[in-house]
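A.B. asks: Could you look at this predicted model? Sequence included:
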Amino acid sequence: MSQPIIELRDVVKTYRQGHVEVPALRGLSLSVEPGELVALCGPSGSGKTTALNLIGALDRPTSGSVLVEGQDLATLGRTRLSNLRRDRIGFVFQAYNLIPVLTAYENAESVLALKGVEPSARRKRVMDLLSEVGLEGLEHRRPDHLSGGQQQRVAIARAIAADPAVVLADEPTANVDSETAEKLLTIMERLNTDRGVTFVFSTHDPRVMEHARRLIRLVDGRVETDETRS
Amino acid sequence: MKGPKLAKMAWRNMWRNRRRTLITLCGIVFGVLLAVLFTGLGDSTYSKMIDLAARLTGGHVSLQHVDALERGYSPKRSITRAPDRRRLALADPEVSHARVRITGHTMLAAGGNSRGAAFIAFDPADDGPATLSILEALKQGRSFSSSRERGIIVGHKLADHLGVRLGRKVVYTLTDKHGEIVTGLARVRGIVKSGADSVDAGICLLPIDTVREVMGYGADEATQVAVFVKDQRRSDRVATRLGARLARAARERETVPAAVPWFDRQPELAGFISMKVTSTLFFELIIAILVAAGIFNTLFVSVMERIREFGIMMAIGFSPGRLFRLVMWESLWIALVGIVLAALATAWPYHYLNTRGIDMSAMVSKGGAEIAGVGMTPIMYVEIYPGSAAIIVVAAVGATLLSGLYPAWRAGRVAPVESIRLV
């Protein structure tokens, strides 16, 4: 069996709101293998987004360990966490969150530029990806000249441009219509199948759950069910 | 360079809120405009005052007896080998002219009237209006035709006090180098009207060789060599250099002359200029602080509005240092665009005030103003030194970059999870 790409060991995360402590994760343990397409689902407050934040090195657990490719994130400083996000993790956000002053092409290219990929290689890679997500001819548009679905496709292209170990997608279909959502899911499913990109979604959306090959249901910050589909 | 082109991103960011950016740029333009005009007015006015003072008295640097400054005028405090000292001064590349003179005080008498005055004895073959500004104000008569002429040039008020006109005789009384009272007789060759009381009522000019003869000075003896420097700001350095050269060129048991810069000879003028320069700098500092506060406000608000965006950028791999540099690039763009616009906005007013000046005649007495004993024309021009202009540019860019430091630091300290608000 290969090494898990993501591993959470007895992770506790407690937020403090004034004098009140709000537990978000209460000893969450799970692991994700390379090439999986996993959906974290559950009711609001179940800890889905918190889990994604911890896996994406955007936040630190109160206790327990988060490992990405065997590396314990607690041992990394700000710069190394930044490098890890740049090199090994791709993000797709609910609100697209593209950089507004960059064109579609430049948004997707930015992560490659951060990695120091040569301009010619960047160009080929980005054009291929934009074509793959159906954005040919729209490379030079800025986000405010793209529809929500188009922006989310750019976000997907950006997330996978640097060949990350895992793409974390937080409610990726929440802000698009059902037709666009279906297209986005198809794109991500294809990327998972063809390129072997590991995806971890947090979602309420039954359509996303249908596409997932593994469904982890969280309740009160713990895994309630973990179901793998054939 | 590795990474996205931050300069390009910063340029685009700068124009995201055009109105705010334009207001900020206006602040820079206004600040630079004021700084250039005020500094240019000061540079021009003070430079003219110093040059005028140099032409009125002993040059930018005076080679004179070592005790003359401390102990005051005395015919005994003369320098020998004055032509040699003059040549030594002229050998300095920063020196434009050097003139041998005898200066002192005299009592003038004519037709029962008498007045005390300062005198400057000069060589008419050598000194002219370019180095002796009183000659510029010669309204009647002429300068001397020879250094041995029995003539005198007086200010018009002095002439009135003495009751003399052109061609009339004046007796001047001096103390010679042995301390004896001696007299000379001269006819009035010229009458000066400068507009400055200290000149018109208190100074007369005499031919140098005639004065040497009356005072018992040798042919190479004088009280000073007035040295004129191409750029008055270099007076101090030239004085130091000439002082060292005079010491090296001294003969055995010879009293070495001192090289005294204008500001040591005219401390009241130096004090006046220093006070004015300080007050201008203080005023400019206030303007700089106000402009910098405006820029800081713009950048800080711009960063705070984009906290979420910075969080996203950190999430996708931008390092804190890269975000810091991005905001600093935005500061730099604002500074550079501000400087270019300021240069364009300043060009016309500067050109106008440089060529036409500000006519202050309505605010000063007829004929001109007198500041610290120096007569000034009532038209003030703006002419900035290149160095002062460079300082303003560097200060504007520096203030803008400094204003960007804290917002840039804040951008780099964004906590991605809080700014993205995934929770």
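C.D. replies: Looks like it came in fine. Residues are numbered from 1 along each chain as shown, chains lettered A, B, ... in the order given.

A.B. asks: Tell me the secondary structure at the residue nearest to B:P83 when sequence neighbours are not counted.
C.D. replies: Of all residues not flanking B:P83 in the chain, B:D220 sits nearest, at 5.7 Å (C-beta to C-beta, 6 or more residues apart in numbering or on different chains). Just so you know, the C-beta spots here come from the backbone N, C-alpha and C atoms, and that holds for glycine as well. The three-state label given to B:D220 by DSSP: H, G, I helix; E, B strand; the rest coil is coil.

A.B. asks: Hmm, B:D220 is touching B:T80, no?
C.D. replies: Yes: with contact defined as C-beta atoms under 8 Å, B:D220 counts as touching B:T80 (6.1 Å).

A.B. asks: can you tell me the residue of chain B closest to chain A?
C.D. replies: Among the residues of chain B, B:G317 lies nearest to chain A; the distance is 2.5 Å by C-beta to the nearest C-beta.

A.B. asks: For the closest residue to A:M209 other than its chain neighbours, what are phi and psi?
C.D. replies: Sequence neighbours aside, A:A39 is the residue nearest to A:M209 in space, at 5.2 Å (criterion: C-beta to C-beta, 6+ apart). Backbone torsions for A:A39, taken as degrees, to the nearest 10, come to phi -110, psi 130.

A.B. asks: OK, contacts around A:A39?
C.D. replies: Residues in contact with A:A39, defined by C-beta atoms under 8 Å, 6 or more residues apart in numbering or on different chains, are A:200-203, A:208-209, A:211-212, A:214-216.

A.B. asks: Now do the strands in the stretch 51-200 of chain B.
C.D. replies: For the stretch 51-200 of chain B, the strands defined by DSSP state E, counting those that start in this stretch cover B:61-64, B:95-110, B:113-122, B:138-141, B:151-155, B:169-175, B:181-192.

A.B. asks: quick one on the thing from earlier: if I pick the residue lying closest to the residue of chain B closest to chain A once chain neighbours are set aside, what's in contact with it?
C.D. replies: Using C-beta to C-beta, 6+ apart and skipping residues adjacent in sequence, the residue nearest B:G317 is A:R86, 2.5 Å away. The neighbours of A:R86, taking C-beta under 8 Å, 6+ apart as the test, are A:111, A:114-115, A:162, B:316-318.

A.B. asks: before we move on, back to that, next up, the contacts around the residue of chain B closest to chain A.
C.D. replies: By C-beta under 8 Å, 6+ apart, B:G317 lies in contact with A:82-83, A:85-87, A:111, A:114-115, A:162.

A.B. asks: again, but for A:P164
C.D. replies: Contacts of A:P164 by C-beta under 8 Å, 6+ apart are A:87-90, A:197.

A.B. asks: ditto for A:E182
C.D. replies: By C-beta under 8 Å, 6+ apart, the neighbours of A:E182 are A:R207.

A.B. asks: helix, strand or coil for it?
C.D. replies: Relying on three-state DSSP, one would call A:E182 helix.

A.B. asks: Same question for the one 10 residues further on.
C.D. replies: Reducing the assignment to helix, strand or coil with three-state DSSP, the entry for A:N192 is helix.

A.B. asks: any idea how far it is from B:P407?
C.D. replies: Distance of A:N192 to B:P407, computed by C-beta to C-beta, to the nearest Å: 41 Å.

A.B. asks: Also B:R71?
C.D. replies: 61 Å.

A.B. asks: With neighbour numbers in mind, choose between these two.
C.D. replies: Each of B:R71 and B:P407 has its neighbours counted (other C-beta atoms under 10 Å in any protein chain shown); B:P407 has more, 24 against 10.

A.B. asks: I'd assumed B:S302 was in contact with the more buried one.
C.D. replies: Yes: counting by C-beta under 8 Å, B:P407 touches B:S302, with 7.2 Å between them.

A.B. asks: Now do the strands in chain A.
C.D. replies: Assigned by DSSP state E, the strands in chain A fall at A:6-17, A:20-32, A:37-41, A:63-68, A:71-72, A:89-92, A:166-170, A:198-203, A:214-219, A:222-228.

A.B. asks: give me the low-pLDDT residue ranges for the chain?
C.D. replies: As the question left the chain open, I've gone with chain A. In the prediction, chain A carries residues with pLDDT under 70 at positions A:1, A:230.

A.B. asks: you looked at the wrong chain, it should be chain B
C.D. replies: In chain B (pLDDT under 70), the answer is B:1-4, B:363-377, B:420-423.

A.B. asks: On the three-state scheme, B:T280 is what?
C.D. replies: Here B:T280 is helix, with the state taken from three-state DSSP.

A.B. asks: Now do the contacts for it.
C.D. replies: B:38-39, B:42.

A.B. asks: how does it look with 6 Å?
C.D. replies: Shown in contact with B:T280 (C-beta atoms under 6 Å, 6 or more residues apart in numbering or on different chains): B:38, B:42.

A.B. asks: Columns neighbour count on top of the contacts of A:P164, output as TSV?
C.D. replies: TSV is the format used below for those (neighbours: other C-beta atoms under 10 Å in any protein chain shown):
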residue	neighbour count
A:D87	15
A:R88	18
A:I89	26
A:G90	29
A:V197	22
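
A.B. asks: Next, the buried residues of the helix or strand that contains B:V291.
C.D. replies: Here B:V291 sits within helix B:267-305, counting by DSSP states H and E. By 16 or more other C-beta atoms under 10 Å in any protein chain shown, the buried positions in helix B:267-305 come out as B:269-270, B:272-273, B:280, B:284, B:287-288, B:291-292, B:294-300, B:302-303.

A.B. asks: go on, stretch B:348-364?
C.D. replies: Across stretch B:348-364, burial judged by 16+ other C-beta under 10 Å covers B:350, B:353, B:357.

A.B. asks: Kindly report the same for stretch B:315-332.
C.D. replies: Buried-residue list, stretch B:315-332, by 16+ other C-beta under 10 Å: B:315-320, B:322-332.

A.B. asks: Pull that stretch out as CSV, backbone CA atoms only.
C.D. replies: The C-alpha atoms that make up stretch B:315-332 are tabulated as CSV, following Å, rounded to 0.1, in the frame of the first residue of the first chain:
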residue,chain,number,x,y,z
ALA,B,315,-2.9,30.3,-0.2
ILE,B,316,-1.8,29.8,-3.7
GLY,B,317,1.9,30.2,-2.7
PHE,B,318,2.8,33.9,-2.6
SER,B,319,5.2,34.3,0.2
PRO,B,320,4.9,37.2,2.8
GLY,B,321,8.0,38.7,1.2
ARG,B,322,6.5,38.7,-2.2
LEU,B,323,3.4,40.4,-1.0
PHE,B,324,5.5,43.0,0.8
ARG,B,325,7.4,43.6,-2.4
LEU,B,326,4.1,43.9,-4.3
VAL,B,327,2.8,46.7,-2.1
MET,B,328,6.2,48.4,-2.1
TRP,B,329,6.1,48.3,-5.9
GLU,B,330,2.7,50.0,-5.7
SER,B,331,4.3,52.7,-3.5
LEU,B,332,7.2,53.1,-6.0
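
A.B. asks: Would you check that B:S96 makes contact with B:A226?
C.D. replies: No: at 11.5 Å, B:S96 and B:A226 do not qualify as touching, with contact defined as C-beta atoms under 6 Å.

A.B. asks: Thanks again, I'm all set now.
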